[in-house]
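Need a 3D model of the sequence below.
(one chain, ligands or ions: 2)
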Amino acid sequence: MLDKYVCKACGVQYENSLEKPNECIICSEERQFISSKGQNWTTLESMIKEGQYKNTINIEEEGLYSINTCPSFGIGQTAYLIQDKNFNLLWDCISYIDEKTISKIEDLGGIDAIALSHPHYYSSQVEWAEAFNAPIYIHEDDQEWVMRPSERIVFWSGESLELKEGIILHRIGGHFKGGTVLEWKNGDNQSGILMTGDIIRVVADLSWVSFMYSYPNFIPLPETTVERISTRIKELKFARLYDAFHRVIKEEAKQNVLRSATRYMEALHGTLFNS
Ligand SMILES: [Zn+2]
Ligand SMILES: [Zn+2]
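Ligands and ions are numbered 1, 2, ... in the order given. Predicted coordinates:
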């Protein structure tokens, strides 16, 4: 039967096919992994029918909502809805979407645009775009990772794209070539918020971050890349940071990202510690 299969490991939905794809292209690459139990597929329709999942939508602070699937599905990332002067942006995405989710988000003003940090969160982005009649912004350098093409996807190019005044996408690369962060200048009472997906990830000590090529396989980034990211971050306006796993640096986030980049480069150099 013609179906849009969803990889159970990364949550990415594929375009219509008669048979399940052999292996998930995103998971069979070193920045993800195929489970030791093998490749598994589902569909959004069967997830809805099973009735096992629901989405929770919580307010984080003024103008910012987090969206999570319960129980956790796929990578288990958090998507965020940003409300800024009649403009609603969905930052990153999750696989599960049902009528309840749609009506709750409609009550919050719907979605005017969707923007993605990188392919691990493409999930069922086209379902979301169709439900809310919204365009999807993806950096053109990650075009090859789109498993369900759609006319709604806008491939942007260059280093930055202002979606609306004070809401700016920045391609900083690293984890993926088109890896993107979102600068929301009006967030946190005009102090600015940076949404990072896992292009920049808050670590166990919540006042530090890390930058990896592969998180599941612990492959670091080269020094030149981290230095470039650090230079770009210096130009951005933010004091608070949200990553894809609901970790938040509430204050002085920019300083914390910059000193984390310095520590990372020192570790690569062999000057951080003796061992
Ligand atoms: Zn996958
Ligand atoms: Zn990732």
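
Would you mind listing what in this structure touches ligand 1?
Neighbours of ligand 1 within the chain, by CB under 5 Å from the ion: 7, 9-10, 24, 26-27. C-beta coordinates here come from the backbone N, C-alpha and C atoms, glycine included.

change it to 8 Å
7-12, 24-28, 32, 39, 74 (CB under 8 Å from the ion).

So which of those residues are in strands?
Using DSSP state E, the subset of the residues of the chain next to ligand 1 located in strands is Cys7.

now the residues of the chain next to ligand 1 in a markdown table, with distance to Glu235, pLDDT and neighbour count?
Shown next, in a markdown table, are these (distance: CB to CB, whole Å; pLDDT from 0 to 100; neighbours: other CB atoms under 10 Å):
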| residue | distance to Glu235 | pLDDT | neighbour count |
| --- | --- | --- | --- |
| Cys7 | 36 | 98 | 27 |
| Lys8 | 39 | 97 | 18 |
| Ala9 | 36 | 97 | 21 |
| Cys10 | 31 | 98 | 23 |
| Gly11 | 32 | 98 | 26 |
| Val12 | 32 | 98 | 28 |
| Cys24 | 36 | 98 | 24 |
| Ile25 | 34 | 97 | 17 |
| Ile26 | 31 | 97 | 19 |
| Cys27 | 34 | 98 | 21 |
| Ser28 | 36 | 97 | 14 |
| Gln32 | 31 | 97 | 21 |
| Gln39 | 41 | 96 | 16 |
| Gly74 | 33 | 97 | 22 |
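
quick check: mean pLDDT across the helix or strand hosting Leu89?
Element membership for Leu89, per DSSP states H and E: strand 87-91. The average of the pLDDT scores along strand 87-91 is 98.

That one: what's the following helix or strand?
helix 99-107.

The next helix-or-strand element following that following helix and ligand 2, are they touching?
Going down the chain from helix 99-107, the next helix or strand is strand 113-115, by DSSP H and E. No. Strand 113-115 stays clear of ligand 2 (CB under 8 Å from the ion), getting no nearer than 15.3 Å.

Could you check the angle the strand holding Leu89 makes with helix 99-107?
140 degrees (axes from the mean of the first three to the mean of the last three CA atoms, to 10 degrees).

where along this structure do the helices fall?
Here the chain has its helices, by DSSP state H, at 44-50, 99-107, 125-132, 187-190, 223-234, 253-269.

Mean neighbour count, these: which tops it?
Highest mean neighbour count among those (mean count of other CB atoms under 10 Å): helix 125-132, with a mean of 21.

tilt between it and helix 99-107?
Using the same axes, to 10 degrees: helix 125-132 against helix 99-107 is 60 degrees.

Which strands and helices lie in contact with helix 125-132?
helix 99-107, strand 113-115, strand 136-139 (3 or more CB pairs under 8 Å, 6 or more residues apart in numbering; DSSP states H and E).

Output the ones you listed in TSV; the columns should cover mean pLDDT.
Formatted as TSV, the helices and strands packed on helix 125-132 follow (pLDDT from 0 to 100):
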stretch	mean pLDDT
helix 99-107	98
strand 113-115	99
strand 136-139	98
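
Figure out which of those is closest to Ile67.
Ranking the helices and strands packed on helix 125-132 by proximity to Ile67 (CB to CB) places helix 99-107 first, at 7.6 Å.

Packing partners of the closest one?
strand 54-61, helix 125-132.

on that earlier part again, ok, which of the helices and strands packed on helix 125-132 comes nearest Lys237?
Among those, the nearest to Lys237 by CB to CB is strand 113-115 (17.6 Å).

Okay, the residue in the stretch 1-150 of the chain that ligand 2 sits nearest to and Asp205: tell me how far apart.
Nearest to ligand 2 in the stretch 1-150 of the chain, going by CB to the ion, is His120, at a distance of 3.5 Å. Per CB to CB, to the nearest Å, His120 is found 23 Å from Asp205.
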